[in-house]
Each structure stands twice: as C-alpha cells, then as structure tokens.
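> Okay, sequence plus prediction incoming.
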Protein chains: 2
Amino acid sequence: MSKQPVHLVVRGDLDDCRVPLVSEPLNADQAERLAPSFKALGDPVRLRLLSLIASHAGGEVCVCDLTDAFDLTAPTISHHLKVLKETGLVTAERRGTWVYYRARAEALGLLSTVLAVPQPAAAQEGHA
Amino acid sequence: MSKQPVHLVVRGDLDDCRVPLVSEPLNADQAERLAPSFKALGDPVRLRLLSLIASHAGGEVCVCDLTDAFDLTAPTISHHLKVLKETGLVTAERRGTWVYYRARAEALGLLSTVLAVPQPAAAQEGHA
C-alpha cells in the first residue's frame, strides 16, 4: 500500500527551505540541512553524472551506461553516485544485474527555488 | 567610461552553462566551471552569509554587520566571504573603514536555471 512516497520525501526534510535566499535569510539549521546538497553538486564529476541522469530520455539511466561516459574506475563512479543518492538528488533501483538511476525533480526544483532571483532584481543588475 | 560591467561578467564565463541540466548533459568543461560555485554554496556558513547579503534591505551589507551575526572569528568570516567573492556569487566594495557586500543576482539566477525543472516534470514526479 505504501511503497511509493519514499522518493517524494525530500532528504533531511528540506521543505521549510523552499524559499529564495534573496527573500529571507536562512537560519543556521536550514543552512546545515541545505549545504550537503550543494556540496554534492560542487564536484565536476557529480555534476556531469547528475546531468546525464536528469537529461536522459525516459528519465532513467543504467549505471552501466554512466561508467562508459567517464574515464574513471567503476568504484569512483559508484562513490559519486552514492553521494548523489545520499543527498537525495537521485534515486537508485536495482533490477537484475544493474542499478538504475533517476534524478529527483523535487530535490532539484527545491534547490533551484532557493537560488531563484525575482526577474526585476536580475533586470536591475543588468542596468546597474 | 567603462567602470560598470565588472560585476556583470559571470566569473569563469558561465554564460554557456545557462541551461537546465534536465534539458541536456553538461560537458566536462562546463561541469569544471560550474562546480566551484556549487562548492562555495556547500558550506552552511557561506550559505547563511550569502542569504544574509542577498536578502538584506537595499541589497548591500557591511562586513561589520555580518560578523555580528555569527559566533565565529572575523578571519573565518573573511575567508568565507572571499570564497563567495572568488566564485562570483558576491561583489565587495571598500568604502572607508568597511567592506560592503552585494549578492550577484546574475550568478544566483544562472545556478537556479541550471537546477530548474520544468513544471510538468515536477508534477509527474508528484503523481508517480
């Protein structure tokens, strides 16, 4: 009955952080919970892995296709995928021999909202 | 004549990275240039500093007001502000005794766009 909601729960319950930081300052607790997600994105290999997963047709990528895209060992790729999974940026599902990865739109959208800038502010800077 | 555009130039020229990673995968070069910005955000103190600067009325904060908000030494705060500045997330201007910081809406907006998820995708996940 309740197998579905797991990947909908934002890791570390970040729901109260869904506010642009240009609107109001984060408190210490919110910053502690948000930082690991940005840290996970702060590595070029993980950024590329996430973009390969997130942009893949069908929304799902076999780990076997991800390792082929990099000049890195499988354990290194696995480590980076584990970080992405632990911060809730992707989900992983084993089916048979392989593990399949999906990006969590909910998590990406939340981080995007945190960094979002209202249009007038962006325009203002453009004319400064 | 040309004193203005400095803070409009995205650090490391990230303009070609202004594409949601759900739309197309980043190449290695783009990922290398984007990662430092996310890494800068991957620290709770820097996230709070940036949110305090970005959300401040008038858009500008004196470093003297930032140090008061944390239970950290001035050199530690200075180090974190330097990282935010070096990655182009804030600008700094010395006026008299103090340095004044502003968030770069352009840089925040670009990172927000990279992580943005089209509404249908987010809705789809909600109903999965």
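Structure's in. What do you need? These figures come from a predicted structure and were not determined experimentally.

> okay, CA-based contacts and neighbour counts for the rest of this
OK.

> Show the contacting residues for the most centrally placed residue in chain A.
Residue closest to the average C-alpha location in chain A (C-alpha atoms, centre = their mean): residue A:89, at 3.0 Å. Neighbouring residues of residue A:89 by C-alpha atoms under 8 Å, 6 or more residues apart in numbering or on different chains: A:37, A:50, A:103-104, A:107-108.

> Quick check: closest non-adjacent residue to it.
residue A:104 (5.4 Å; C-alpha to C-alpha, 6 or more residues apart in numbering or on different chains).

> So that neighbour sits against residue A:88, correct?
Yes. Using C-alpha atoms under 8 Å, residue A:104 is in contact with residue A:88, at 7.1 Å.

> what about the helices in chain A?
Remark: helices assigned in chain A by DSSP state H are A:28-41, A:44-54, A:63-68, A:74-86, A:105-115, A:119-127.

> Can you confirm whether the fifth one lies near chain B?
In this case it means helix A:105-115. Yes. Using C-alpha under 8 Å from any C-alpha of the partner chain, we find that helix A:105-115 touches chain B at A:105-106, A:108-109, A:111-115.

> from those residues, which would you call buried?
In these, burial by neighbour count holds for A:105-106, A:108-109, A:111-115, counting by 16 or more other C-alpha atoms under 10 Å in any protein chain shown.

> And the furthest pair within these?
Largest separation among these by C-alpha to C-alpha: A:105 and A:115, giving 15.5 Å.

> For residue A:94, list the residues it contacts.
With C-alpha under 8 Å, 6+ apart, residue A:94 has these contacts: residue A:100.

> And for residue A:117?
A:20, A:22, B:105, B:108-109 are the contacts of residue A:117 under C-alpha under 8 Å, 6+ apart.

> Which members of these are the farthest-apart pair?
For the contacts of residue A:117, the farthest-apart pair by C-alpha to C-alpha is A:20 and B:105; their separation is 11.5 Å.

> on that earlier part again, so what's the residue count around the residue nearest to residue A:89?
25 (other C-alpha atoms under 10 Å in any protein chain shown).

> cool, residue A:23 as well?
Using other C-alpha under 10 Å as the criterion, the residues surrounding residue A:23 number 17.

> correct me, but it touches residue B:55?
Yes. Look at residue A:23 against residue B:55 with C-alpha under 8 Å: they come within range, at 5.2 Å.

> Any stretches of chain A with poor pLDDT?
Within chain A, the segments meeting pLDDT under 70 span A:1-12, A:120-128.

> Apply 80 and report the result again.
A:1-12, A:119-128 (pLDDT under 80).
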